[in-house]
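1. give me the fold of what follows.
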Amino acid sequence: MKIYKTADRCVLHKKSLDDNKIYVNSSEGNSLFFDNGKLSFENYEVNRTLGRFFCIGGKTYRRIEISSGDEITYLLINGQGEELILPQRFIKKMSLSFNYGYPKRQDVYVFRDFNSDWKLNTIVFNCLDNNVISESLDKYYSKLMDGFIYGYDDKKHCYIKRDIKLNKVWEQEVITSATSAISNIKSHNTVVSFIGPEISQFYMENTISKYKQSGGTLTGFNDDNGDIIWQLPIPEAIDDIGLYHGKIYVAIYDKILIVDPQSGDVVASIATKTSLPGYRVSAAHIFVDDSYIYFTHAEDELLLIYDLNSYALLYTVPMPTGYRIKGHQFTDPNTGKHYFTLDNRTQDVADFPSLEVDPLNLSTQIEFEKEPEKTIELVATASDELEHEIVINMHSSSLDDALRFGEIYTRDSASHHGFNHGGRTYGTRQPTPTFNGVIRFILSGCNEDQGLVLERLAMMEKRFTHWNEHEILGKGMYACTDKFKPVQLITKFNA
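-> Next comes the predicted model:
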């Protein structure tokens, strides 16, 4: 098992089922890919982001974002350079309907957006005809399955099936106080949804924000007429749900329920003996392959692996300290390896790495991919010994590794030592009063062409400036000696 990380969130996907290349997208204008177990840059720039792939009309298109100032233009381009012209607001929303992995053909999308009166609409859009099929002011949670749209109306407490033009096929009242429903699943002629939770409560406890959920009912509807076939009350509410091998697997914070989707009978209940999370958002997740059940618990920082047939616990895998495991993100169809999202609380950046799990070798310990040699020091400046700058020396034969880990540690150092006008700190870290806002990144040992190295390092400086100007959590990082001087990255190459 191995942990990979980038300065930005790792989002893994493939171009197609047969493609051997795994793409790793980030939010900061670049894309990477796996190459023989190593991450390499596909592109390295500021104002053009190579995004995910979509299969429309039997052709594979890639979403490309081009930024100019504060404006972003979205394009869909296929491998032959042909552009699919669609409305900007739709291309922007497409990623919300995207399933991680390789893209299956999808010509019709359902999404939600605001109309000219700033009212939230449900919109059905046909990519091939480039037009809105239908638009409704109904605000129900919806999912497109087999050409029909299923969703829950929280005002009327009704579960609804609509056709592609949003005409109502049937409507079924559900006796509940729940204001939401999650996960629409279809198995043969039964549509299953968890109507709940019935109670969601935010509160503070010892200055810590807590979030609790309880109540709700897993409900099976007849797909022909909407009649309720069965109901399974779940007092604890659920955290995650999925359909695997004809059975529904439900993750609750301390158990796994396996449910027959036709009858609603509980086939098995597995006690995970994990804790009730204090903040129950993305707490527990479930994933099932051909041999194993994978249960993840973020707050307990655990991955539990059970035998698919006997339900016996085979492996208890603790995460490294400070790393919370979340849900399954992607399975490589060529290697069979699974990738799970992690939440890294040890750094201010690289906070969503990916954990690689090989089902053919589950007994191995978790390891981090090998990083370049580095030192990070606060060094007194030549002009004033009472002021300090940060000097990061990195020795790496790989330019891609130097850039990727260089971005992680230059940004993390800025967040660690710099001043933020929003009063932001990370963990127990506090700004360093003598930090003058200069970070020097010095690279050595790289065997690439010197001109290319200097070109990439210059781009690294621009990307750092762009990151600092667009810091999502508040106004960027500044020098502590001059709180109006943005942190600056200066690079150097020792050939």
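2. do a quick rundown of the helices in the stretch 1-150 of the chain.
-> Counting by DSSP state H, counting those that start in this stretch, the stretch 1-150 of the chain has helices at residues 88-93.
3. below-threshold pLDDT in it: ranges please.
-> 26-29, 95-100, 115-118, 137-141 (pLDDT under 70).
4. if you set the cut-off to 90 instead, what comes out?
-> Across the stretch 1-150 of the chain, the ranges flagged by pLDDT under 90 are 7-39, 43, 45-52, 65-72, 79, 87-126, 128-144, 147, 149.
5. same deal with the stretch 151-300 of the chain?
-> Within the stretch 151-300 of the chain, the stretches with pLDDT under 90 are 151-156, 163-167, 176-184, 199-211, 278-283.
6. next up, the contacts around the closest residue to Gly101 other than its chain neighbours.
-> Leaving aside its sequence neighbours, Gly101 sits nearest to Phe330 (Cβ to Cβ, 6 or more residues apart in numbering; 5.4 Å). From N, CA and C alone the C-beta is placed, and that goes for glycine too. Phe330 sits next to 12-13, 22, 100-101, 338-339 when contact means Cβ atoms under 8 Å, 6 or more residues apart in numbering.
7. from those, pick the one nearest Phe33.
-> Nearest to Phe33 among these is Ile22, at 6.1 Å by Cβ to Cβ.
8. count the neighbours of that closest one for me.
-> 23 (other Cβ atoms under 10 Å).
9. the spatially closest residue to it that is not a sequence neighbour pairs with what?
-> Excluding its sequence neighbours, the residue lying closest to Ile22 (Cβ to Cβ, 6+ apart) is Phe34, at 4.3 Å. Bridge pairing for Phe34 (DSSP bridges) gives the partners Leu39.
10. now the helix or strand hosting Arg456: average pLDDT?
-> Per DSSP states H and E, Arg456 falls inside helix 450-469. Across helix 450-469, pLDDT averages out at 94.
11. helix, strand, or coil at the most far-flung residue of the chain relative to its centre?
-> Note on the chain: the largest C-alpha distance from the chain mean falls to Ser383, namely 44.7 Å (Cα atoms, centre = their mean). For Ser383, the assignment made with DSSP: H, G, I helix; E, B strand; the rest coil gives coil.
12. per-residue confidence for it?
-> At Ser383, pLDDT is 87.
13. how near is it to Glu389?
-> 10 Å (Cβ to Cβ, to the nearest Å).
14. what packs against the helix or strand Ile442 falls within?
-> According to DSSP H and E, Ile442 maps onto strand 435-444. Packing partners of strand 435-444 (3 or more Cβ pairs under 8 Å, 6 or more residues apart in numbering; DSSP states H and E): strand 388-395, helix 399-417, helix 450-469, strand 488-494.
15. pick the one among the contacts of Phe330 closest to Asp449.
-> Ile22 (26.8 Å).
16. residues contacting that closest one?
-> 12-14, 33-34, 330, 332.
17. switch the cut-off to 7 Å
-> By Cβ atoms under 7 Å, 6 or more residues apart in numbering, Ile22 lies in contact with 12, 14, 33-34, 332.
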